[in-house]
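J.: Give me the fold of what follows.
(chains A, B and C)
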Amino acid sequence: MAERISLLEAVEKKEALLEPGVYFMQGNIASVEAALIAGCRFYAGYPITPSNEIAEHMSRRLPQVGGVFIQFEDEIASIMALIGAAYGGVKSMTATSGPGFSLMQEGIGCAFMIEAPIVIVDVQRGGPSTGLPTLVGQGDIMQAKWGSHGDYEIVAYLPSSVQEMFDLTIEAFNAAWEYRVPVIVLTDQRVGQMIEKIEVPPYEEIKIVVRRKPEVPPEEYLPFDSRYLVPPMAAAGEGYRFHVTCLTHDDRGYPTTSHNISRKLVSRLVAKIRENEKVIGRYESYLADDAELIIIAYGITSRAARRAVKEARREGLKVGLFRPITAWPFPYWGLKEHVDRGAELLVVEINMGQIVRVIREYYNNITKIHFMPWAPGEVPRPSDILLKIKEVYPR
Amino acid sequence: MKIPQGEVRLRLIGAGGHGILLLGNIIGSAAAQFAGIEATMVIAYSPAQRGGWSRADVIVSREPIDFPIFDNPDVLVATTQETYDLEYMNVVSGGLIIYEKDTVTPKPREDVTQLGVEAFKTAINLGFRMSANMVLLGFLNGTLGLLPEDAMMSAIKARVKRRVDVNLKAYMEGVNLAKGVKL
Amino acid sequence: MSSLRVTTIRSEEVKKLLRLERFPHIWCPGCGIGTVVKCYAEAVLKSGIPEEKHVVISGIGCAARAPGYLKLDGLHVLHGRPIPVAVGLKSVKPDLEVTVISGDGDILTIGGNHFIHAIRRNDDINVILINNFIYGMTGGQYGATTPLGAITTTSPYGFIEGSFNVPYLAAALGANFVARWTPLHTKELVDAILKMFKVDGFAIVEIVSPCLIYGEMNNLPPLEMLKLLKERVVIDHEADLSKIDIDLRDPKKPIVVGNFVNRVKPSYQTRYMEIIKKARGGK
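T.: Reported below is the predicted structural model:
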C-alpha cells in the first residue's frame, strides 16, 4: 500500500513522461501522452473502434508512471469508475466512440451533478447506431451537449490536428479540474488515427490546473459550498467526511426536494460554464477579415475546408474559414463582426446538420446560412467544398 | 518525374508484413523529427483482419499541411501485384511508381515513370529478408532526393526495433541501386 | 417492533458516526436497514482502521440511503453503479477501506454486470447487500431476488422468474469472502463485516432483511418476517451453497446463514502493484 503511494509521488518528478521535443505521432497516442503530462493516473474504459489505441497505449504507459489501468465490463462502469477516482483526488480519463459515448451519458450527468472532474475522449465514427466502426463521422456534437437528461452544460473540444489532440487534452483536464465538470475531447476517427508532427513544449510552459483543496476545518467543510461558483473539493480519506449525491442536494450534499435549493443548485451548476463561456470557448479564423463567405468547419473537415479556402482565393473568391475549437461552449461571438459586415456563412460538417443548428440559433435572419451536409464514412474533399463554395458564393 | 515544390504525396502499399507502416513512419519521422519539416500519415487496411494489404499515405512538405487525405499520389510504392493493380492508375500524371520487381509485372502508363527494384532479393542477400522495405526506402530517397540522408538514417535508428545495422545497410543498398537512375 | 428494538441499541460511540442532523431517517418501521447500518458503524469503530479511511458508497434505493446517515466520506451515486465507483476509488487510493452498502435491485439487478465482473477481477472492495426481495423505494416492483410466486406491483398474479441465490452466485464467481446473515444476527454481522475489512479482494455479505412494502403485498409484515427468520434460520458455515436458495413460502425450507467462504487470492489492486513494478523495469 505504502509502496503505491510512493509510486504516485514519482509523478511529481515528471518521471517517465514524454520528453519535450518533436515527434511524428498518432493523434490518439498524443492524447494519452498529454493526459499523463496533465497528471492523469487512472484510466477506465471498454474497447471500441476507433479509440482503441488510447486504451492500449494507456495500459502500457500508466503503470510506468505509477497509475492504474482497468478495462471494465462496459462504458457505464468505466465512466462511474472515473467518478470514484476523481473523488480520490486523482485525475482520470476514458476514451470511447459513439455507441460507448451513448452508454456513458447517464454517468456524464452524474459527474456534472456531483461535480466530479473527469475527461472523456470521444473518437467519433460514422453512425447512427453501430454505423461505420472504422470510418469517420462528426455526429456526436449534439449528443455531447444534450445526451444526458436534465439541465447541464458541457465543455467539448474539437481538435483538428495531432498537435491539438495533445494541447486540447491537457486543456480538457485543466477545464475539468478548474470547474469540477466532465469535459469531452470530441475528436474524430481521422484526427484520432492520423499521424503527424507534434511538438511537446518544455514542461514549465505547460499550464496544469490542480485540485483546489478546502481551506476550512472538516466540521466547516461543505462539499457544494454555494458561496463559491466552483466549491473547493475534498478527496476521500482526507478527514472531511463529506457526503455527496446525484440527487438534488444542499450545500452539505444532503438530498432535498426544496424548490428553492433546486433552483440555486441548478443555477450555480450551469453558471460555472455559462459565466465562463468566453474564457473556455475558443475559435480560430483564417482569411476571414475580408471574406464575403465564411466556411464553418471543425475537426478533420476544417482541414479540407482550409485547402478549399486557399483554392477559392486563388480563383479570386473572398472566402474565409471559421474553425470552432470548442463545440461547447460554442464560440458564437467570434462570428459576429463578420456577420455584422454582411458575410454569409457556409457550414460543412460530417453529419446531417448539428453545428449548423447552433449557427442558426445565433444568426438566423441576420445573414444567409448555407449548409453542406456530408454523410459519415468519408471526409469531404477540398474539391467538394470548392464546388459548394461556387454554388452559394454571394454575388 | 519532377519533384513537386510544395507537398509530396506518397502512397506506400503492400501485403501485411511487408513493413509498409514502418516505412511510412520512418519517412514521416525523418521529415518531422530530423529534417525539421512537416509530415502527415494516414493509414488504411484491407477489410480482412489477416493476410490483407496495408496502405500508408504520407505527405512531406516544407509548408504546414492543410489536408492529410489525398486520392492521387505523386509517388506510389507497391510491393505486390494486387496492390499495384489497385493503385497504379491513381498516380498523378507525371508521377513515379516504384515496384518490387520480383512480384510485380508493371502495366502500361505512358505518363508515369515506373521503376522496378529487386528489394526482396537484395534483402535476402543481406541475410535479412525483413529489410526489403529499407531497400525500397533507400531506392525511393536515392531516386527522389526527398530528404537528407542523415535524417533518413536517424529515423531508421529511432524507429527500427531490431537489427538496426542490417536495416541501415539495406537502406544504403537501395540508395546505391538508385544511382544512375534518371528521372 | 419490540424484537427489533433489541438490535438497535444506540451506544454513544456509534452515535458519533451518524449524521444525527439528518434524523429521523426515511426507513419504514420494522425495516432491517437501520440495524445493518448500526452493525456497519460498530464494525468501523472496532476495525482499528481510522474512521476517515472508511468510505461508504451506494447506488439508489432504500438501502442506498445508508451513506447519507453515516458521518464518513460517502458517495451516493447512480442506480446500479456503486461498485464501479468503489473500484475506481479503491484503485487510486489503496489505503482506503471502501464499502458498498446497497440493495438487491441496485447491486444484483440493474448492477448485476458490475457485480459479476468485480468478483471476477477480484476488486478489493466490500459489499453489504441488503436483500429485501423487492424494489421498496419505487413502490414494490419485482427484482432479481424476488421469490417465486411473490406478489409485487409488477407481478400482480405472482412472480414467475427465477431468483438469484446470492451466496451461491458470489462463491461460483470466485468471491474471496461470502456470508449471509439477518438483522437478528447483529453480533455475527459485525463480526462478518470485520472479517470483510481484512480480506484483500471481493467480500460480500447478504443480509436477508424484512421489508414493509414486501410484507404488505405478501402477508409478511416485518414482525412476521422476523419471526419467520427466527424460526427458520439455520447457521451452517459449511452449507452446500447450491441448496441455500431462499423460499419464504415453504415453511419447511430453512434460511441458511453463515460465513460460507473465506479464501485468499490477491485482489486486482494487489496484482496491479506487480504490473507497476514490471512496467517500471523492476524499479
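
J.: Would you mind measuring from the residue lying closest to A:Ile118 once chain neighbours are set aside to A:Val68?
T.: Leaving aside its chain neighbours, A:Ile118 sits nearest to A:Leu82 (4.2 Å; criterion: C-beta to C-beta, 6 or more residues apart in numbering or on different chains). In short, each C-beta sits where N, CA and C put it, glycine included. Between A:Leu82 and A:Val68 the distance, using C-beta to C-beta, to the nearest Å, works out to 12 Å.

J.: Looking at the residue nearest to A:Ile118 now. What's its pLDDT?
T.: We note a pLDDT of 98 for A:Leu82 in this prediction.

J.: Need the three-state assignment for it.
T.: helix (DSSP: H, G, I helix; E, B strand; the rest coil).

J.: List the residues that contact the residue of chain B found nearest chain A.
T.: Of all residues in chain B, B:Ala32 sits closest to chain A, at 3.5 Å by C-beta to the nearest C-beta. Residues in contact with B:Ala32 (C-beta atoms under 8 Å, 6 or more residues apart in numbering or on different chains) are A:22-24, A:196-197, B:38-39.

J.: Of these, keep whichever come out buried.
T.: Neighbour-count burial (16 or more other C-beta atoms under 10 Å in any protein chain shown) is assigned, among these, to A:23-24, A:196-197, B:38-39.

J.: mind checking which helix or strand the closest residue to A:Tyr332 other than its chain neighbours is in?
T.: Using C-beta to C-beta, 6+ apart and skipping residues adjacent in sequence, the residue nearest A:Tyr332 is A:Tyr362, 4.4 Å away. Element membership for A:Tyr362, per DSSP states H and E: helix A:355-363.

J.: Now do that helix: everything it contacts.
T.: A:141-142, A:296, A:298, A:324, A:327, A:330, A:332, A:335, A:339, A:345, A:347, A:349, A:369, A:371.

J.: In strands, which of those fall?
T.: A:296, A:324, A:327, A:345, A:347, A:349, A:369, A:371 (DSSP state E).

J.: Tell me the one of these nearest chain B?
T.: A:Glu349 (15.6 Å).

J.: and that closest one, how many neighbours does it have?
T.: 25 (other C-beta atoms under 10 Å in any protein chain shown).

J.: partners of it in the sheet?
T.: A:Pro373 (DSSP bridges).

J.: show me what contacts it?
T.: A:138, A:141, A:297-298, A:301, A:355-356, A:373-374.

J.: Distance-wise, check it relative to A:Ile296.
T.: 8 Å.

J.: Does the residue nearest to A:Ile118 touch A:Ile114 like I think?
T.: No: look at A:Leu82 against A:Ile114 with C-beta atoms under 8 Å: they stay out of range, at 11.5 Å.

J.: What strand or helix carries whatever residue of chain A ends up closest to chain B?
T.: For chain A and chain B, the shortest gap (C-beta to the nearest C-beta) falls at A:Lys197, measuring 3.5 Å. Following DSSP H and E, one finds A:Lys197 within strand A:195-200.

J.: which residues are contacting that strand?
T.: With C-beta under 8 Å, 6+ apart, strand A:195-200 has contacts from A:18-27, A:30, A:33, A:37, A:161-163, A:166, B:24-25, B:28, B:31-33, B:38-43, B:65, B:68.

J.: Just the buried ones from those residues, in ChimeraX syntax?
T.: Listed next is the ChimeraX selection for buried residues among the contacts of strand A:195-200, using 16+ other C-beta under 10 Å:
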select /A:18,23,24,25,26,27,30,33,37,161,162,163,166 /B:24,25,28,31,32,33,38,39,40,41,42,43,65,68
